[in-house]
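Undergrad: Okay, structure incoming, though there's no sequence with it:
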């Protein structure tokens with residue numbers, strides 16, 4: 001059974017830090033691109049960051065660049081998001097997402113249940 005379980009969310013003051021984790025099971029984690037995606041209250045999904053299978057390539061949304069760091073540990077089947085200098089606009093539910101594409105039109109992807117991050121001003 002495929003599972004992605006996020007943890008590490010919570011309430012933090014503006015300028016604070018949190019570290020999110022996403023524990024994966026039931027699929028070959030090391031073969032998948034991994035992402036963090038968030039959803040602010042009343043808004044749609046927003047891509048936050050991506051990391052390739054070997055952690056050789058990482059990308060970030062402009063809104064978090066320089067403040068967030070994505071990483072992964074393939075030996076532990078876990079993805080991380082270190083979030084520093086948090087701002088109220090970072091508030092939302094953070095989801096981890098795993099994706100494997102074997103063609104532009106087909107592949108597999110999995111989502112976690114999300115973890116709430118709330119940043120107070």
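TA: Perfect, thanks for sending it. Please read these numbers as outputs of a predicted model, since none were measured by experiment.
Undergrad: Can you report phi and psi for residue 30?
TA: Backbone dihedrals for residue 30, given as degrees, to the nearest 10, come out at phi -70, psi -10.
Undergrad: State the distance from it to residue 88.
TA: From residue 30 across to residue 88, the span is 36 Å (CB to CB, to the nearest Å). For the C-beta atoms, the positions are set from N, CA and C on the backbone; glycine is no exception.
Undergrad: Am I right that residue 19 is in contact with residue 78?
TA: No. Applying CB atoms under 8 Å as the test, residue 19 and residue 78 come out as separate, 11.3 Å apart.
Undergrad: Count the neighbours of the spatially closest residue to residue 35 that is not a sequence neighbour for me.
TA: In space, and not counting its chain neighbours, residue 35 is closest to residue 97: 4.3 Å by CB to CB, 6 or more residues apart in numbering. Counted with other CB atoms under 10 Å, residues neighbouring residue 97 total 21.
Undergrad: Strand partners (parallel or antiparallel) of the helix or strand containing residue 97?
TA: Secondary structure from DSSP states H and E places residue 97 in strand 92-103. Strand 92-103 sits in its sheet next to strand 33-39 (antiparallel), strand 106-111 (antiparallel), strand 115-120 (antiparallel), going by DSSP bridges.
Undergrad: How about residues contacting the next helix or strand after the longest one?
TA: Towards the C-terminus, the helix or strand next in line after strand 33-39, according to DSSP H and E, is strand 45-51. Among residues not part of strand 45-51, those counted as contacts by CB atoms under 8 Å, 6 or more residues apart in numbering are 33-40, 57-61, 63-64, 68, 70-72, 79, 81, 92, 94-95.
Undergrad: now do stretch 25-43
TA: Residues contacting stretch 25-43 (CB under 8 Å, 6+ apart): 1-3, 20, 22, 45-53, 68, 70, 72, 74, 77, 79, 81, 89-101, 108, 110, 114, 117.
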